[in-house]
Every structure is written in structure tokens, then in C-alpha cells.
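Colleague: Sequence and predicted structure are below.
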Amino acid sequence: MTSGDFVQPPRRVDRAGLVIAGLLAGLAVVLVWDARGLQSAAMYGMGPEAMPVVVASGLALLAIGNFIDALRGNLPARESADPVPVALILVGLTLLIAIIGLGGGFILATAALFVTTSAAFGRRAILIDAIIALVMSTLIYLAFDRLLTLSLPAGPLERLL
Amino acid sequence: MMDTFAALAHGMAVAVQPMNLLYALIGVFLGTAVGVLPGIGPALTVALLLPVTYKLDPGGSLIMFAGIYYGGMYGGSTTAILINTPGESASMATALEGNKMAKAGRGGPALATSAIGSFVAGTIATIGLAFLAPWLVDVAVRFGPEDYFALMCVAFVTVSATFGDSPVRGLTSLFIGLTLGLIGIDKLTGQARLAFGVPELLDGVEVTTLAVGLFAVGEALYVASRRHHTEEKLEPVRGSLWMTREDWKRSWKPWLRGTMFGFPIGALPAGGAEIPTFLSYSTEKRLTKHPEEFGKGAIEGVAGPEAANNASAAGTLVPLLTLGLPTSATAAMMLAGFQQYGLNPGPLLFAERPDLVWGLIASLFIANMMLLVLNLPLVGLWVRLLAIPQPWLYAGILVFATMGTIAAKPSVVELSMLAGFGVLGFLMRRFDFPIAPVVVGLILGPIAESQLRRALAISLGDPLTLLQSPISATLLGIALIALVAPFVLKGLGRFKANED
């Protein structure tokens, strides 16, 4: 606690904190809006619309709390973040969802995720990683689909096995 | 008293059936293998391995769970000692001294004191669980719906507000969880809430999808985003694995003291192993005859917190099994494990499926024993797992994480939710919001709501029923104090800065 001894740097308004407060307030609005469409069927006590309103009130209060924290710059210090690897992993997840959605099968989907994640963590040997990924996800597919009889989505590659 | 022994003996008979022993062994092995991976704490270990147990019968699956739970804890401390990346805050004290010991070439004794300490603490705490549980069950059968509702309020507050750095951020996490818990069909009236016409949302948010998204995907995104900051360094295990006579002499009291801190605090519906581990750490620091070694690798600083950590893990099973109340992220995942078989922990489960409950408790003893026997000799194998290059490690974690969801519900909506929760987990880590309250909110929110509505229906809509039951009134009072206290104490909170 060093306050008082020397001049503190002026505390800056934390913009990310303001966004968080705004999102919480927005979520509260969505809850109330959704609850309005519910019919209270209960003769006594609370109907299905009561709890969303309670939660929404809590969210609204917390939005104010977060807003005050952000104005005072009270958020914990953050280190710089590198957006490129995050984006790469998200691309991988999108690929995975698209391949599963389009019927490409488990092996291709998880292999795509493996390669992009590995690249996000700095690997540049994409071809080698792709081979490793294909072998690994084929083994996982065989182990879980055949041995543990969990059903994993099948695509062109799975039908060859 | 005798009942407990009889029940425990019966549970032992269930647990030592060859098939169940095998399940326990697989659980311990998988739990350690996954738990040892850097950045993966016990909660995520349980979440990741939940799909593996889908096809087993409930008994076998819960027994495997017991193994995964303790294995994950053990694996986490190995990582904390050898690479100084505690997978969770409860291992932070262990990392503090343990990693220094490993750097000084005493990694072997550090691992040994943590393993044996975990065994001692786990065994004592499981005995405590076996004797405390039936007593609490007797209390819990007298609970009405309003008392359950009040109890959940206590859990909400203590999990999110009391022990975090900022009550506002903890409560924000809790309310995000409560919001997620509202999604889906309302069980009493059949009306859809927050489903926005998406059929997949009518069933509500899957606990495992949320946990795996927040913990696994979120962690991978977070580590990737700050890869340029830190270089993890794996300390090789040099020299003897065994503890010297001096090490034993310095370890046994911290083990017992750690257990005394860990079990009661874990058993309170307050949750979290952080408090007992740090209490144990500061106590050992005060009592040691070698204060100069603290901060440089004192064995007491590993022995005490590790024991406290394990004892509190067994302690959290007390409210989980007797009241159905999860007070930590790991306990929440265990509850999800029960729910996947339609089982609800609580007094009824003790009455209806004693074989299951006592089989699980007995398996905790067995899992603990297996860890001690297996893991010290196998430490070389775990160290090799730690040496997997980071790109492949996280790529593998993500593949395994998504596989659970793909196996359970291979739909685009479910996978998108997983990715969305991953982004949420990343943002929460980045802006320092605690994760566990989200999971607890999702699980307990709907239960709290239905108990409250039941209580109000019985009282014909009179909200005073919450205050007329003495149990409920007391619990609500505790919840209120626990909610207000951190805001009041904020000004007095400076002791915290001095403590560490």
C-alpha cells in the first residue's frame, strides 16, 4: 500500500471493463425480454418468469458494479496478448465444426483442429503435423468407435476403415 | 458407529471385486496421466474423462471417477513441483517450495513427500468422510425445500464472493452460470426459456460442454495468447527418489496439520482448497526449525499444503454426497458424473443405493493406496509426458476435448457452444474472473429454483416460509453475512497483502 507517499499515476478508465459492463446489462435486457413471453401458470408461488427476472436484476446490479470498477480503473493488470494464435485456434475450431456439419467425418475434422492448434503454438512443419494428426485421429477413431462403441461421426475416410 | 463400519465393510466388498479394482486402476492411471499435463487441473481432468465412462454401469463408472479424482490431484502436484505451473490455485503453495526443491536437485524427495502426504491426508480425510456422512445424512433428511434453497444460497455466496479477490467479479461469474442454467424447458410448466427457437437449446446447457469449453478450450486459447511471455522449464528429477530420515522427521507433522486444516474447511459448504493450503503453508513457515529454507525449497512447505489440498478434496465430498452440494469445480464435475446416470447425491441416495455410495467411499481408500504404490515408481513415465512439446500437447488436448462433445452430441450447435464457451473462458481468464462459480451456477441454479418454487407452492405463495424454518433462517443469515462481509472487510483487507 503505497498511496499517499508519492503521486500515483492517474488511473485510466478501463475500456474493456466498460464493454464487459455493457454486455452484462445487455444480457439482463435479453432475460427480461425473454421472460415477458412466458405465461405464469402457477396458482401459488412463483411462475417460470420469476427466476429470469431475479437473475436479470442481479446482472443489472453487477453491470453497475463492473462499470464503477472500470471507471476507477480497478481491473487487475493485464499482460499483452497475441491475437494471431487465438485467431488460428478459432479457425481450427470453425474448420472442425464445418467438417462435422458437412459430413466430412471425425478424422478429417480433428486433424484440421490439431494442425491449426499446433501452428498456433509455433510449429511450422505443417505437413509432418498433418501426418501425425491423421494417424492419431484414426487411432482414436478406431479405439473409441470400435472398442468402446462410442459412435463418432463417419465421413469418407471412416468408411474406408 | 457400528453402522458406519458395517456399511464401509460392505462398500469394501463392492470395491474389491476384480472388475471394480480394474476400473479403479484405470481411473488412477488415466487421472494421473491427464492431470500431469501442464495447465490441466483435477476439474478439467474429470471433465475430459467423463465421456470415457459413458458406457460403464454407474457403480463401475463412479469407482473409476474416484480414481480419476485422486489421480488428477496427484498429477497436478507433480506438474507444480517439476515445472512450476500449478494447474490450479490450490497447488500454488506446492509449486512455491516444491519447484525450488526440484531446482536444487531434491525433486525426488519433494515428489515423495507430496505423494506420501497426499496418501496420509487422503486416508484420514476419507475416514472422516465415512463417519461424518451418515451423521449429516440424518440432519439432511429433516431439510425441507426452503432449507435446501437457503443452503444453496450459502454455497452460491461462499463459492463466488467470499474467497475471491473481488466479490463483484466472483458474483458476475456466478450470475453468468445462473443465466446459462435458465436455458431450456422449465420443468414445472413446460415452457421454453432463452431457447430462441433453437431445438438443441431446449434440453439446456450440458455441464460437460460448459466445463470442457471453459477449462480446456479457454486454457488453450489463453496459453496461446501469451506464449511470448513465458518459457516453461522442466526440472529433471535428479538424485534419489527416496526421503531421508531427516525428511521424514520434518514431514510427518506438516502432513497431519495440513489434514487438520484441509478436511474441515473442505467439508464446510464454503469450497475451495486455496484457503487451507495457504493456511497450512503459513503455519509451517511459522513453526519450522529451518525458517531460512522457506522460499528456497523447504520440505515442510510441500508436505503441509499437499496434505491440506488432498484432505480438502475429500472434505468437499461430504457436502457433495450428503446434500448434493458441489462446492468446487471438481465437485461440480463429480456431480455431473452422477447426473449422467440420473442419480442425485443426497440423503436419498444413501438410503436407496448404499452399495453405490459406500462402494465409492471404499474406492477412495483403494485409489489412494494405488496412487502411492504406482506413482512413485512410475514417476519417470509421468516426467516423459511432461516433456511433450507444447504445440502437440495443446493440439492433443483440444482434439480430446472436442472428442467428448462429438461423441455425446455430434451437432453443429453443440460444438459451436463448446467453441463459444472456450472464448468465454479465454476472456474470463484474461480479465481475471473466476471460472468455478460459472459451473456451480449452471448446476445449482436450476436446483435452487425448483426447491424455492416447491417451498412457495407448499406455503401457498407466502415468502415468509423461508424465515419460519429455523434452519433456513439461519442459513440465509449466514449467506447474507458472507455476502456483505467481503465488502465491509475490503478496507481491512490489508492483512492479505502481508500474509504472502
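Modeller: Good, I have the coordinates. Residues are numbered from 1 along each chain as shown, chains lettered A, B, ... in the order given.
Colleague: Count the residues that sit near residue 144.
Modeller: Unless you meant another one, I'm taking chain A. Burial measure for A:Phe144: 20 neighbouring residues, criterion other Cβ atoms under 10 Å in any protein chain shown. Bear in mind the C-beta positions are built from the backbone N, C-alpha and C, glycine included.
Colleague: Chain B, not that one
Modeller: As a burial measure, B:Gly144 scores 17 neighbours (other Cβ under 10 Å).
Colleague: Just the CA atoms of stretch B:34-46, as CSV, please.
Modeller: Presented in CSV, the C-alpha positions along stretch B:34-46 are these (Å, rounded to 0.1, in the frame of the first residue of the first chain):
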residue,chain,number,x,y,z
VAL,B,34,-4.1,-36.3,-17.8
GLY,B,35,-3.6,-34.4,-14.5
VAL,B,36,0.1,-34.3,-15.0
LEU,B,37,-0.2,-32.3,-18.3
PRO,B,38,0.6,-28.7,-17.6
GLY,B,39,-2.4,-26.4,-17.2
ILE,B,40,-4.8,-29.2,-16.6
GLY,B,41,-6.2,-29.3,-13.1
PRO,B,42,-8.4,-32.0,-11.5
ALA,B,43,-11.7,-30.4,-12.6
LEU,B,44,-10.7,-30.5,-16.2
THR,B,45,-9.2,-34.0,-15.8
VAL,B,46,-12.6,-35.2,-14.6
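Colleague: Name the residues of it that are buried.
Modeller: Buried residues in stretch B:34-46, defined by neighbour count with 16 or more other Cβ atoms under 10 Å in any protein chain shown: B:34-46.
Colleague: Say whether chain A is contacted by it.
Modeller: No: residues of stretch B:34-46 contacting chain A under Cβ under 8 Å from any Cβ of the partner chain: none, with a closest distance of 12.1 Å.
Colleague: Considering helices and strands only, name the one in chain A with the lowest mean pLDDT.
Modeller: For chain A, counting by mean pLDDT, DSSP states H and E, helix A:156-160 ranks last in confidence among helices and strands (a mean of 84).
Colleague: before we move on, back to that, looking at the buried residues of stretch B:34-46, which are in helices?
Modeller: When the buried residues of stretch B:34-46 are checked against helices (DSSP state H), the matches are B:34-35, B:42-46.
Colleague: so where's the chain uncertain?
Modeller: Using chain A here. By pLDDT under 70, the low-scoring segments of chain A are A:1-11, A:41-45, A:148.
Colleague: you looked at the wrong chain, it should be chain B
Modeller: Within chain B, the ranges that satisfy pLDDT under 70 run B:1-2, B:85-89, B:162-165, B:229-233, B:238-239, B:270-272, B:490-500.
Colleague: which helix of it spans the most residues?
Modeller: The longest helix of chain B (DSSP H) is helix B:107-140.
Colleague: Now the two most distant members of the buried residues of stretch B:34-46.
Modeller: The most widely separated members of these, counting by Cβ to Cβ, are B:Pro38 and B:Val46 (17.3 Å).
Colleague: How about the least confident helix or strand of chain A, which residues are buried there?
Modeller: Going by neighbour count (16+ other Cβ under 10 Å), the buried part of helix A:156-160 is A:157-158.
Colleague: Likewise for stretch B:161-176?
Modeller: Judged by neighbour count (16+ other Cβ under 10 Å), stretch B:161-176 contains these buried residues: B:161-164, B:166-176.
Colleague: That one close to chain A?
Modeller: Yes: in terms of Cβ under 8 Å from any Cβ, part of stretch B:161-176 sits within range of chain A, namely B:165-166, B:168-169, B:171-172, B:175-176.
Colleague: In CSV, list these along with secondary structure and distance to B:Gly105.
Modeller: Written out in CSV, the entries for the residues of stretch B:161-176 next to chain A read as follows (DSSP: H, G, I helix; E, B strand; the rest coil; distance: Cβ to Cβ, whole Å):
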residue, secondary structure, distance to B:Gly105
B:Asp165, coil, 35
B:Ser166, coil, 40
B:Val168, helix, 45
B:Arg169, helix, 41
B:Leu171, helix, 46
B:Thr172, helix, 45
B:Phe175, helix, 48
B:Ile176, helix, 45
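Colleague: closest to B:Ala211 among those?
Modeller: Set against B:Ala211, the nearest of these by Cβ to Cβ is B:Ile176 (13.6 Å).
Colleague: residues touching that closest one, list them.
Modeller: For B:Ile176, the contacting residues are A:27, B:424, B:438, B:441, by Cβ atoms under 8 Å, 6 or more residues apart in numbering or on different chains.
Colleague: quick one, phi psi at A:Gly47?
Modeller: When quoted as degrees, to the nearest 10, the phi and psi of A:Gly47 stand at phi -90, psi -170.
Colleague: Check which helix or strand the closest residue to it other than its chain neighbours maps to.
Modeller: Setting aside the residues directly before and after it, A:Gly47 is nearest to A:Ser40 in space (Cβ to Cβ, 6 or more residues apart in numbering or on different chains), at 3.2 Å. For A:Ser40, there is no host helix or strand (DSSP states H and E).
Colleague: if we can go back for a sec, of the ones in helices among the buried residues of stretch B:34-46, which is the nearest to chain A?
Modeller: Distances from these to chain A were compared by Cβ to the nearest Cβ; the smallest belongs to B:Val34, at 14.4 Å.
Colleague: now the helices for chain A?
Modeller: Ranges of helices within chain A are A:15-36, A:50-71, A:83-101, A:106-120, A:126-141, A:156-160, based on DSSP H.
Colleague: want to throw those helices into a markdown table with distance to B:Val137?
Modeller: Shown next, in a markdown table, are these (distance: least, Cβ to Cβ, whole Å):
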| stretch | distance to B:Val137 |
| --- | --- |
| helix A:15-36 | 37 |
| helix A:50-71 | 29 |
| helix A:83-101 | 44 |
| helix A:106-120 | 44 |
| helix A:126-141 | 42 |
| helix A:156-160 | 48 |
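Colleague: and which of the buried residues of stretch B:161-176 is nearest to B:Trp252?
Modeller: Minimum distance to B:Trp252 across the buried residues of stretch B:161-176 is 29.0 Å, recorded for B:Phe163 (Cβ to Cβ).
Colleague: my read: B:Leu201 touches B:Leu182, true?
Modeller: No: with the criterion set as Cβ atoms under 8 Å, B:Leu201 and B:Leu182 do not qualify as a contacting pair; they are 10.8 Å apart.
Colleague: joint contacts of those two?
Modeller: If you check B:Leu201 and B:Leu182 against Cβ under 8 Å, 6+ apart, the residues they both contact are B:Leu194.
Colleague: Give the residue from these two that has the larger number of neighbours.
Modeller: More neighbours surround B:Leu182 than the other of B:Leu201 and B:Leu182, with 23 against 19 (other Cβ under 10 Å).
Colleague: Provide the backbone phi and psi angles at that one.
Modeller: Reported as degrees, to the nearest 10, the phi and psi values for B:Leu182 are phi -80, psi -20.
Colleague: What distance do you get for it to B:Val154?
Modeller: With the distance defined as Cβ to Cβ, to the nearest Å, B:Leu182 ends up 21 Å from B:Val154.
Colleague: Tell me which stretches of the stretch 251-400 of chain B form helices.
Modeller: Along the stretch 251-400 of chain B, the segments classed as helices by DSSP state H, counting those that start in this stretch run B:274-287, B:300-323, B:329-339, B:347-352, B:354-375, B:379-386, B:390-408.
Colleague: of the ones you listed, which approaches chain A most closely?
Modeller: Of all the helices of the stretch 251-400 of chain B, it is helix B:390-408 that lies closest to chain A, at 3.7 Å by Cβ to the nearest Cβ.
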